[in-house]
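Chemist: Test case, fold it:
(2 chains)
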Amino acid sequence: MGALCVLLVSVGLISISPKSGHAADPGIAIKFHVVDGPDLKQIAEIEDLDLSSENDPDIDPLEGFNRVMFGFNEMLDVLLLRPAAEFYTKVLPPPFQRGVRNFLRNLRSPIILANDLLQGEMDRAGVTVSRFLINSTLGIGGFSDQAGRMGYYYHNEDFGQTFAVWGSGQGPYLVLPVLGPSNPRDLVGSVVEYLVDPVNIWANNTDRDWVPISRTVATGVERRAAALELLDEAKKSSLDYYATIRSLYQQRRADEIRNGEDAENRPAPGFSYNFFRSGPNQASGEQH
Amino acid sequence: MMNKRQFLVALIAVSCLLLVKPVAAQADDFTDGAVKFIETLADDAVQSLTAKDIEKKERIVRFRALLKNNFAVKAIGRWVLGRYWRKATNEEKEEYNKLFEDLIVATYVNRFEEFSGETLKVVKAINQNGKDAIVKSEIVRPAGQPPVRVDWRVRAPNGTYKIVDVLVEGVSMSQTQRSEFSSVIKREGGEVAGLLAALRTKTEVLRD
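Modeler: Residues are numbered from 1 along each chain as shown, chains lettered A, B, ... in the order given. Model (predicted):
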């Protein structure tokens, strides 16, 4: 009877393994396909490309205006901003660059905190408060990110994100002169931020115009410097730089608004069609 | 003592259990396999592509092989072309498949040269409808800096894992490419031929 059991078990396993689909031991399966290579032609066969369900994120009613502004900004970038950013990275040693970034980020803490709270993100609000207290003291006025070393990582929030969380749509994609990619929602957010920022209010009340101006310039140069490689690479490899930037901006904003969490029913890139229509092993691709 | 019939019933019950259990655990097998797949791929990539002393030609050959083995390149290319796929003639489709692969190779191959020992850490894997697995990973950065999030959308047709999309900090590579291609085609009056011409020049420029 013992032998019968063993026989039954093995028969059972054999009958199961094709149904379990993704191979009983994926490690073996991987090794196997690396060596042999799958039949890609077969895998890529699609017969029912259903594009009716496609959602098009590239709606851009202001494209004409936007492209003109984009071209203008590109000119400014090539002539002014990029050289400034490059100069900045070459002249200032990396530790000092980090110092500048940390200082500017720390200065934004009240705005980040306000938006954490307005979105009901209490945990993140706690992180923002901790960061501000630690970095303003231990971090010598915000220049050193001691809080980050303790695991309180920086996160960005702004009023545009808060409006989105409250349910506001973004409106059409909008390229602003000098300021770059935006949309009506984020533009309003930027204006609100400028008006309620404690540092700006203090500077305005004490006639220190140079404070918001130098802060804006420093922020612009620092951010451009941080994006030097990314943008150079994007410009080099893209077929339509404008479209690439539009897509990057919109996807990044969507991710920021979700605070990096997964969207439950995120449609793009859906791959909702059946790419892998194949013959006899169809069942193995369909798991439920 | 069991009689024959009871024995038979017991046998059926046991075999049913055997049949049911792996099916219930199936989802985990799928995601576990996806995690192993990504981890193996990351190791393979580091081993075969990041050495500083390989010639560019050799690096290209190796990267192309890795790409073909682990990514559903044609399926991605098709999705990226979107509604224009149907408009394309067979010759255009064929050339597009080739150029799309070339573009990926040309765009990413140099990045492995700049590799400086970053590590990829898989955080978790999510099963989406049993069809897609999202393998969430992080690239670890120096102390104080949050890790970079990289999500791999993986499928396993016929039990062989394939990547269909990579998302870096929420930005989908496929989606970005799709937006770009559709913009180029629109600019070229809705002609796929216009995109192919642009791809031809782009892949040549990137090669030297």
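Chemist: any idea where the helices of chain B begin and end?
Modeler: In chain order, chain B shows helices spanning B:4-49, B:56-70, B:73-81, B:84-87, B:90-108, B:173-187, B:192-207, with DSSP state H as the criterion.
Chemist: Redo the ones you listed as CSV? Include mean pLDDT, mean neighbour count and distance to A:Ala85.
Modeler: Heads up, the C-betas are built off the backbone N, CA and C, glycines and all. Formatted as CSV, the helices of chain B follow (pLDDT from 0 to 100; neighbours: other CB atoms under 10 Å in any protein chain shown; distance: least, CB to CB, whole Å):
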stretch, mean pLDDT, mean neighbour count, distance to A:Ala85
helix B:4-49, 73, 15, 30
helix B:56-70, 92, 16, 29
helix B:73-81, 94, 24, 31
helix B:84-87, 92, 15, 37
helix B:90-108, 95, 17, 23
helix B:173-187, 94, 22, 23
helix B:192-207, 88, 17, 24
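Chemist: need the ones you listed in TSV with distance to chain A, can you?
Modeler: Output for the helices of chain B, formatted as TSV (distance: least, CB to the nearest CB, whole Å):
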stretch	distance to chain A
helix B:4-49	3
helix B:56-70	6
helix B:73-81	3
helix B:84-87	6
helix B:90-108	4
helix B:173-187	4
helix B:192-207	5
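Chemist: A:Val211: which of the ones you listed is closest?
Modeler: helix B:173-187 (37.5 Å; CB to CB).
Chemist: got a list of contacts for the closest one?
Modeler: Contact with helix B:173-187 is made by A:57-58, A:238-240, A:242-244, A:246-248, A:251, A:268-269, B:76, B:79-82, B:84, B:164-167, B:191-192, B:194-195, B:198, as judged by CB atoms under 8 Å, 6 or more residues apart in numbering or on different chains.
Chemist: swap in stretch A:85-98?
Modeler: With contacts defined as CB under 8 Å, 6+ apart, stretch A:85-98 is touched by A:Val100, A:Asp145, A:Val221, A:Glu222, A:Arg224, A:Ala225, A:Leu228.
Chemist: count of residues packed around the nearest residue to the last one once chain neighbours are set aside?
Modeler: Read it as A:Leu228. The shortest distance from A:Leu228 to any non-neighbouring residue, by CB to CB, 6 or more residues apart in numbering or on different chains, is to A:Ala85 (6.0 Å). A:Ala85 has 21 neighbouring residues, counting by other CB atoms under 10 Å in any protein chain shown.
Chemist: moving C-terminal of the helix or strand hosting A:Ala85, what's the next helix or strand?
Modeler: Using DSSP states H and E, A:Ala85 falls within helix A:82-91. Sequence-wise, the next helix or strand downstream of helix A:82-91 (DSSP H and E) is helix A:94-107.
Chemist: what about dumping the CA coordinates of that next one to PDB?
Modeler: What follows is helix A:94-107, C-alpha atoms only, in PDB (Å, rounded to 0.1, in the frame of the first residue of the first chain):
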ATOM      1  CA  PRO A  94      29.800  67.700  -4.200                       C
ATOM      2  CA  PRO A  95      29.500  67.900  -0.400                       C
ATOM      3  CA  PHE A  96      28.700  71.600  -0.700                       C
ATOM      4  CA  GLN A  97      26.200  70.900  -3.500                       C
ATOM      5  CA  ARG A  98      24.500  68.500  -1.100                       C
ATOM      6  CA  GLY A  99      24.600  71.200   1.500                       C
ATOM      7  CA  VAL A 100      22.800  73.700  -0.800                       C
ATOM      8  CA  ARG A 101      20.200  71.200  -1.700                       C
ATOM      9  CA  ASN A 102      19.600  70.200   1.900                       C
ATOM     10  CA  PHE A 103      19.400  73.900   3.000                       C
ATOM     11  CA  LEU A 104      16.800  74.700   0.200                       C
ATOM     12  CA  ARG A 105      14.800  71.600   1.000                       C
ATOM     13  CA  ASN A 106      14.800  72.400   4.700                       C
ATOM     14  CA  LEU A 107      13.500  75.900   3.900                       C
END
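Chemist: From chain B, how far out is A:Asn106?
Modeler: 13 Å (CB to the nearest CB, to the nearest Å).
Chemist: which residues touch the residue most central in space within chain B?
Modeler: Among the residues of chain B, the one closest to the centroid is B:Ile163, at 1.9 Å (CA atoms, centre = their mean). By CB under 8 Å, 6+ apart, the residues touching B:Ile163 are B:Leu41, B:Asn70, B:Phe71, B:Ala72, B:Trp152, B:Arg153, B:Val154.
Chemist: what pLDDT does the third one get?
Modeler: Spelled out, it's B:Phe71. B:Phe71 carries a pLDDT value of 96.
Chemist: And the last one, by the same measure?
Modeler: The predicted local distance difference test score for B:Val154 is 94.
Chemist: And for the nearest residue to A:Phe72 once chain neighbours are set aside, the neighbour number?
Modeler: Computed as CB to CB, 6+ apart, the closest residue to A:Phe72 that is not its neighbour in sequence is A:Pro177, at 6.0 Å. Per other CB under 10 Å, the neighbour tally for A:Pro177 reads 11.
Chemist: any idea how far A:Pro177 is from B:Val109?
Modeler: 37 Å (CB to CB, to the nearest Å).
Chemist: cool, B:Gly159 as well?
Modeler: Taking CB to CB, one finds B:Gly159 at 29 Å from B:Val109.
Chemist: Please identify which of those two sits among more neighbours.
Modeler: When neighbours are counted by other CB under 10 Å, B:Gly159 comes out ahead of the other of B:Gly159 and B:Val109, with 23 against 20.
Chemist: Show me what the residue nearest to the centre of chain B bridges to in the sheet.
Modeler: B:Ile163 has the following beta-bridge partners by DSSP bridges: B:Phe71, B:Val154.
Chemist: Quick check: pLDDT value at it.
Modeler: Note for B:Ile163: predicted pLDDT of 95.
Chemist: ok, the residue of chain B found nearest chain A - contacts?
Modeler: Closest to chain A within chain B is B:Gly170: 2.5 Å, counting by CB to the nearest CB. With contacts defined as CB under 8 Å, 6+ apart, B:Gly170 is in contact with A:Gln251, A:Arg252, A:Ala254, A:Asp255, A:Glu256, A:Arg258, A:Gly260, B:Arg149.
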